[in-house]
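Visitor: this one's structure only:
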């Protein structure tokens with residue numbers, strides 16, 4: 001099978017993009033194929049795969065309900081399906097604009113399994129309205145025998161956000177932190193957060209299905225929300241913005257009472273065509 005591909009990243013959260021506009025090239029995206037593409041040493045290497053497909057060509061309820069022409073069919077590095085990816089949707093929109101598939105001077109509507117996301121461009125910054133979020137209770141996460149309380153935040157994906165004295169407390173993150181499987185039966189992204197200054201935090205994340213990544217857009221949103229909640233930052237203001245440093249760069253998260261907006265860079269860095277040899 002010969003097919004085109006692109007490589008892109010948002011704050012070093014990197015993705016393989018597969019143009020499959022009419023859904024005729026990659027079918028149902030076999031998980032083993034996705035995992036092989038994402039392998040760092042034997043494939044193209046990525047934190048996930050973004051299939052670029054028209055909403056009308058994809059047989060999933062969210063695509064049928066989308067108002068956007070294009071749907072981001074997102075898979076984790078292990079091949080599993082994921083609802084959303086905040087860095088991925090900005091990279092996806094960057095590709096649509098660069099390829100002339102959408103107008104460059106208008107907001108871009110991208111269909112996802114977490115509903116439609118609207119992306120706007122201002123220079124090298126792409127902002128995505130991530131929509132509503134859900135703050136639930138707390139649970140526990142554990143690394144190397146140390147236990148912290150974690151805030152349950154849902155931003156399309158489930159997140160357990162915990163505040164630590166230093167990001168080194170998270171350890172190597174070579175394996176997933178222990179978490180409450182009753183709270184997160186389908187797995188969870190775990191974010192470790194260190195306060196840097198007023199409205200400025202730093203984070204590391206272990207993403208379900210991908211391991212530790214250089215950045216996580218929905219995770220940064222969850223961190224912004226959890227920090228705003230801890231700071232009571234929305235009590236007197238309609239919105240508040242946090243700078244969130246990730247290993248791959250900086251994201252800005254604007255938290256409002258009913259929605260959250262993610263802003264940061266996104267780039268396409270390579271394109272090619274390959275013949276897949278199983």
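Guide: Great, that's in hand. These numbers were taken from a predicted model, which means no experiment stands behind them.

Visitor: what is the burial count for residue 8?
Guide: 25 (other C-beta atoms under 10 Å). (Glycine included, C-beta is placed from N, CA and C.)

Visitor: what helix or strand does it sit in?
Guide: strand 2-10 (DSSP states H and E).

Visitor: same question for residue 230.
Guide: Counting by DSSP H and E, residue 230 is part of helix 217-231.

Visitor: just the buried residues of that helix, please?
Guide: 217, 218, 219, 220, 221, 222, 223, 224, 225, 226, 227, 228 (16 or more other C-beta atoms under 10 Å).

Visitor: ok, stretch 95-114 next?
Guide: By 16+ other C-beta under 10 Å, the buried positions in stretch 95-114 come out as 95, 96, 97, 101, 102, 108, 109, 110, 111, 112, 113, 114.

Visitor: mind checking which of these are in strands?
Guide: Of these, the ones assigned to strands by DSSP state E are 108, 109, 110, 111.

Visitor: now, which of those residues sits nearest residue 53?
Guide: Proximity of those to residue 53 (C-beta to C-beta) peaks at residue 111, which lies at 9.3 Å.

Visitor: got a list of what residue 164 touches?
Guide: Neighbouring residues of residue 164 by C-beta atoms under 8 Å, 6 or more residues apart in numbering: 148, 170, 192, 193, 194.

Visitor: what's it sitting at in phi/psi?
Guide: Torsion angles at residue 164 (phi, psi; degrees, to the nearest 10) stand at phi -130, psi 160.

Visitor: over to residue 210?
Guide: Torsion angles, degrees, to the nearest 10, at residue 210: phi -130, psi -20.

Visitor: now do the contacts for it.
Guide: Per C-beta under 8 Å, 6+ apart, neighbours of residue 210: 47, 48, 76, 77, 78.

Visitor: do the same with residue 206
Guide: Contacts of residue 206 by C-beta under 8 Å, 6+ apart are 170, 173, 176, 177, 189, 190, 212.

Visitor: if you set the cut-off to 10 Å instead, what comes out?
Guide: 141, 143, 160, 170-171, 173-177, 179, 188-192, 212-213, 216, 219 (C-beta atoms under 10 Å, 6 or more residues apart in numbering).

Visitor: do residue 190 as well
Guide: 141-143, 148, 150, 158-162, 170, 173, 176-179, 184, 204-208, 212, 219.

Visitor: what helix or strand does it sit in?
Guide: Assigned by DSSP H and E, residue 190 falls in strand 189-197.

Visitor: tilt between the helix or strand that that strand is followed by and strand 189-197?
Guide: Going down the chain from strand 189-197, the next helix or strand is strand 200-207, by DSSP H and E. Angle of strand 200-207 versus strand 189-197, following axes from the mean of the first three to the mean of the last three C-alpha atoms, to 10 degrees, is 170 degrees.

Visitor: what strands line up against strand 200-207, and which way round?
Guide: strand 189-197 (antiparallel), strand 211-213 (antiparallel), strand 240-246 (parallel) (DSSP bridges).

Visitor: distance to residue 265 and mean pLDDT added to those, as a markdown table?
Guide: As requested, the strands paired with strand 200-207 are exported to a markdown table (distance: least, C-beta to C-beta, whole Å; pLDDT from 0 to 100):
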| stretch | distance to residue 265 | mean pLDDT |
| --- | --- | --- |
| strand 189-197 | 20 | 98 |
| strand 211-213 | 16 | 95 |
| strand 240-246 | 12 | 98 |
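
Visitor: adding distance to residue 262 as columns, could you present those in a markdown table?
Guide: Below are the strands paired with strand 200-207 laid out as a markdown table (distance: least, C-beta to C-beta, whole Å):
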| stretch | distance to residue 262 |
| --- | --- |
| strand 189-197 | 14 |
| strand 211-213 | 15 |
| strand 240-246 | 9 |
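
Visitor: would you mind giving the domain segments of this protein?
Guide: Domain assignment for the chain by automatic domain parsing gives 2-131+266-275, 134-258.
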